[in-house]
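# this one's sequence-less:
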């Protein structure tokens with residue numbers, strides 16, 4: 001920093017003014033030993049990267065065979081989930097919305113979301129889950145997936161998940177459910193997610209970043225629907241990339257013949273793009289994701305206009321018929337839930353059934369509770385009888401919260 005000083009002759013200093021000089025901070029000098037260590041570390045990283053690349057090329061076939069084996073071993077069974085007495089498919093979109101918002105709030109890796117849903121579905125394929133614990137199972141799956149593949153500082157804390165759940169559960173219930181999910185799955189957590197296969201195909205075909213984001217958007221849309229619960233991630237990755245290229249007008253990749261399952265998956269995916277979740281569309285409308293949700297909406301509107309032009313003027317229906325799609329979440333933007341900005345949207349898991357109307361489940365939609373962002377902790381504590389639970393669930397595969405004292 002220097003103060004202003006009038007021009008003076010070089011041989012006549014002005015005693016009324018002074019000049020303060022502040023030198024810029026100099027970086028600490030590195031000794032010879034530290035510099036040698038840094039250079040050696042950089043060389044080791046270069047050598048390790050080259051060895052990893054050579055090993056990957058050599059063992060790529062074995063790696064892919066193992067991944068395809070794990071793909072079959074860790075695939076959920078939608079038919080077994082159909083046998084759940086209390087969990088219904090119309091509840092799934094609410095829980096997936098909650099998991100997507102929690103996943104974005106903690107800035108977790110993309111594969112963590114797909115692993116979370118895989119753990120959730122695998123658990124629901126093996127255990128009977130009560131509706132009041134459906135969200136608890138989802139939180140436990142998110143905790144396990146984050147601990148498995150994410151950075152330690154980004155793993156959600158139990159009190160943070162409890163705040164997102166509006167204080168529905170005690171802290172001990174999260175730890176108990178997490179352990180029960182691990183024991184049920186026999187600690188077999190590893191699963192080749194759709195993001196893994198998508199990255200392989202993108203690197204091989206050298207697709208654009210926009211195609212990558214559009215394919216991710218399509219894969220997350222598929223998480224809401226029963227049709228794709230038992231679909232292999234490799235098939236889902238190939239189908240979503242092909243559909244993303246078609247939507248964005250990119251050239252089609254000719255990588256061999258498609259079998260019946262892949263063609264059916266591609267066709268089914270295209271039928272579920274017209275009404276995505278509001279929360280998911282908002283996530284992919286950001287510039288970080290290149291606004292692919294808006295581009296998909298524009299594409300679907302253009303296709304609808306072409307279909308109307310080809311079919312001619314529609315004939316008026318005799319009776320107005322409206323059939324809701326219970327596998328998607330457009331209804332969350334209507335009715336009492338519209339405009340709810342505080343708190344997180346939670347699935348309809350009210351234990352006493354106060355959020356349900358009278359009548360068949362297919363004719364109404366439950367309303368998510370409105371709660372503050374940071375609810376006050378519950379004063380009561382729940383004590384579990386571990387021995388009684390073990391004896392009970394050894395014979396009946398229920399979730400661990402079936403009996404509470």
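All right, it came through fine. Because the structure is predicted, anything quoted here is derived from the model rather than measured.
# give me the number of residues near residue 156?
20 (other C-beta atoms under 10 Å). Just so you know, the C-beta spots here come from the backbone N, C-alpha and C atoms, and that holds for glycine as well.
# repeat for the one 10 residues further on
The criterion is other C-beta under 10 Å. On that basis, residue 166 has 19 neighbouring residues.
# Over to it. Which of the three states is it?
For residue 166, the assignment made with DSSP: H, G, I helix; E, B strand; the rest coil gives coil.
# Quick check: it vs residue 135, distance?
10 Å (C-beta to C-beta, to the nearest Å).
# Over to residue 287?
In this view, residue 287 and residue 135 are 31 Å apart by C-beta to C-beta.
# what residue ranges in the stretch 151-300 of the chain are flagged as low confidence?
255-256 (pLDDT under 70).
# which one is residue 165 nearest to, not counting chain neighbours?
residue 135 (6.1 Å; C-beta to C-beta, 6 or more residues apart in numbering).
# which helices and strands sit right next to the helix or strand containing the one you found?
Residue 135 belongs to helix 134-149 when assigned by DSSP states H and E. When contacts are defined as 3 or more C-beta pairs under 8 Å, 6 or more residues apart in numbering; DSSP states H and E, helix 134-149 packs onto helix 92-105, helix 110-124, helix 158-164, helix 171-184.
# Could you list every helix and strand in contact with the second one?
For helix 110-124, the elements it packs on are helix 78-81, helix 92-105, helix 134-149, helix 171-184, helix 194-205, helix 209-222, judged by 3+ C-beta pairs under 8 Å, 6+ apart.
# Can you give me the buried ones in the shortest one?
Buried positions in helix 78-81, judged by neighbour count with 16 or more other C-beta atoms under 10 Å: 78, 80-81.
# circling back to that earlier point, I'd like to know which of the helices and strands packed on helix 134-149 lies nearest to residue 301.
Residue 301 lies closest, by C-beta to C-beta, to one member of the helices and strands packed on helix 134-149: helix 92-105, at 22.3 Å.
# Any buried residues in the closest one, and which?
92-103.
# For the helix ranked longest in the chain, list every residue counted as buried.
In the chain, taking DSSP state H as the definition, the longest helix is helix 32-58. By 16+ other C-beta under 10 Å, helix 32-58 has no buried positions at all.
# Now do the next helix or strand after it: which elements does it pack against?
As assigned by DSSP H and E, the chain's next helix or strand after helix 32-58 is helix 60-73. If contacts are counted by 3+ C-beta pairs under 8 Å, 6+ apart, helix 60-73 sits against helix 233-248.
# The helix or strand that the helix it packs on is followed by versus helix 233-248: what angle between them?
Under the assignment DSSP H and E, the closest C-terminal helix or strand after helix 233-248 is helix 260-271. Using axes from the mean of the first three to the mean of the last three C-alpha atoms, to 10 degrees, the direction of helix 260-271 lies 50 degrees away from that of helix 233-248.
# Please list the outside residues in contact with helix 260-271.
Applying C-beta atoms under 8 Å, 6 or more residues apart in numbering, the contact partners of helix 260-271 are 218, 221-222, 227-228, 231, 235-236, 238-240, 242-243, 258.
# Hmm, residue 282 and residue 294 touching each other?
No: judged on C-beta atoms under 8 Å, residue 294 makes no contact with residue 282 at a distance of 10.6 Å.
# Identify the residues contacting the closest residue to residue 148 other than its chain neighbours.
Closest residue in space to residue 148, ignoring its immediate chain neighbours: residue 189 at 5.2 Å, by C-beta to C-beta, 6+ apart. The contact partners of residue 189, by C-beta under 8 Å, 6+ apart, come to 115, 119, 144-145, 148, 182.
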